[in-house]
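Asks: Mind looking at a prediction? Sequence and model below.
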Amino acid sequence: MTKRILAKDFGEVAVLMGGDSAEREVSLVSGKCALDALLRKGVHAYAIDVDKTVVDQLLARRPDRVFIALHGTKGEDGVIQGLLEVMDIPYASSDVASSSLTMHKLRSNLFWKGIGLPVIPTKVISKDDSLAALNKNFSFPVCVKPACSGSSCGISKVETVDEIPAAYAYAKKFSEEVMLEPWIEGREFSVGILGDEALPVIEITTSAGFYDYNAKYKNDNTGYLCPCDLDLSVQKKMQEIALAAFHTAGCRYWGRVDFLQDANGKIWLLEVNTIPGLTSHSLVPKAAEHVGINFDELIWKILAFTLR
């Protein structure tokens, strides 16, 4: 018989939010939503807005465990996880290595390609690359994006080779390495992960050119179809790929895996998000709700993984 978990079992919980990445504002919203959920469940929780004083803040309160609601660099890339490992504080996210791997879109792409998962072919580009060579070797449109960023920050759809320098400069604001890959026209899907289970597939529809930052967090016209109308066998395959990508990268507890389906019906694995958004527009809470897990219970379940 499994022991029932009580709020007091968690001890004092720090919810880390904010940070200094391009996703700071979204993180503050995610963090507040998670904090409010824990408080409603009776957990002794409080917020830490992560900045250069985060070590001092953690030392001052010495929380028993941490709920991480940081997005992007220094939050989702293994940096804060490494700090918590050194301080011996349990935390509700993937570990250092898996966070680092999945945050880096190029390295994770190559990793999943190596084990046979269906990833989009990609190339690292630099400002010194010949536009003539790119024009010769790639069919347009293409996607130019930062290798390390989230929430679709820094991504451009490039229609002609002359647009590449501006797209490169934009992506460079978010990451040292910049990637170029074919632009896949098609449908966008997401699969949430909770423990060892894949949540229902969600289709994202948007009037924007793609599911960009505004569509994710600001546009109320963005649609979320759950259940979606994909054939059940395709949904099952997508969930299987999601779990394979998540677990082979060493991820744990919870996350989200994003996909594209092209005009020919082929599924393409895009990325794993180890700390997805927890806002009113976010996908994991929507998928969890579809299987009867409300938001407060979702946050509780995520934190409960730290008691294992």
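Replies: Arrived safely, thanks for sending.
Asks: ok, what's across the strand from the most centrally placed residue in the chain?
Replies: What sits nearest the mean C-alpha location of the chain, by C-alpha atoms, centre = their mean, is Asn273, with 2.3 Å. Following DSSP bridges, Asn273 is listed with bridge partners Arg256.
Asks: Hmm, Arg256 and it touching each other?
Replies: Yes: look at Asn273 against Arg256 with C-beta atoms under 8 Å: they come within range, at 4.5 Å. The C-beta positions use only the backbone N, C-alpha and C, and glycine is treated the same way.
Asks: What ranges does the protein have for its helices?
Replies: In the chain, the segments counted as helices under DSSP state H are 24-40, 54-61, 79-86, 96-103, 105-114, 131-137, 164-172, 213-217, 232-248, 283-290, 295-304.
Asks: which ones are touching Lys8?
Replies: Taking C-beta atoms under 8 Å, 6 or more residues apart in numbering, we find Lys8 in contact with His44.
Asks: And for Tyr170?
Replies: Contacts for Tyr170 (C-beta under 8 Å, 6+ apart) come out as Val144, Gly154, Ser156.
Asks: how about a cut-off of 7 Å?
Replies: Gly154, Ser156 (C-beta atoms under 7 Å, 6 or more residues apart in numbering).
Asks: lowest confidence element among the helices and strands of this structure?
Replies: The weakest-scoring helix or strand in the chain, judged by mean pLDDT, DSSP states H and E, is helix 213-217 (a mean of 50).
Asks: returning to what we had before: the residue nearest to the centre of the chain and Ala167, how far apart?
Replies: 23 Å (C-beta to C-beta, to the nearest Å).
Asks: Repeat that for His44.
Replies: For His44 relative to Ala167 (C-beta to C-beta), the value is 47 Å.
Asks: more crowded one of those two?
Replies: Remark: of His44 and Ala167, Ala167 carries more neighbours, 21 against 14, as counted by other C-beta atoms under 10 Å.
Asks: and the gap between that one and Ala132?
Replies: Distance from Ala167 to Ala132, by C-beta to C-beta: 17 Å.
Asks: for Ala166, same thing?
Replies: To Ala132, Ala166 is 17 Å away according to C-beta to C-beta.
Asks: just Asp77 next, same as before
Replies: Counting by C-beta to C-beta, the gap from Asp77 to Ala132 is 35 Å.
Asks: for Phe138, same thing?
Replies: 11 Å.
Asks: Who has more neighbours out of these two?
Replies: Between Phe138 and Ala132, counted using other C-beta under 10 Å, the more crowded position is Phe138 (18 against 9).
Asks: tell me the contacts of that one?
Replies: Contacts for Phe138 (C-beta under 7 Å, 6+ apart) come out as Leu180.
Asks: Next, it: phi, psi?
Replies: phi -130, psi 140 (degrees, to the nearest 10).
Asks: What residue spans form the domains of the protein?
Replies: Using automatic domain parsing, the domain parsing of the chain gives 7-93, 102-119+186-292, 123-182.
Asks: Show me how far the first one is from its chain's centre.
Replies: Looking back up the chat, that one is domain 7-93. Mean-position distance between domain 7-93 and its chain equals 16 Å (C-alpha atoms, centre = their mean, to the nearest Å).
Asks: Quick one: end-to-end length of that domain, please.
Replies: With C-alpha to C-alpha, to the nearest Å as the measure, the first residue of domain 7-93 is 19 Å from its last.
Asks: tell me the mean pLDDT for it?
Replies: What domain 7-93 shows for mean pLDDT is 96.
Asks: Start the count at 40 instead of 1 going forward.
Replies: Okay, residue one is now 40; in that scheme the one you just asked about reads as domain 46-132.
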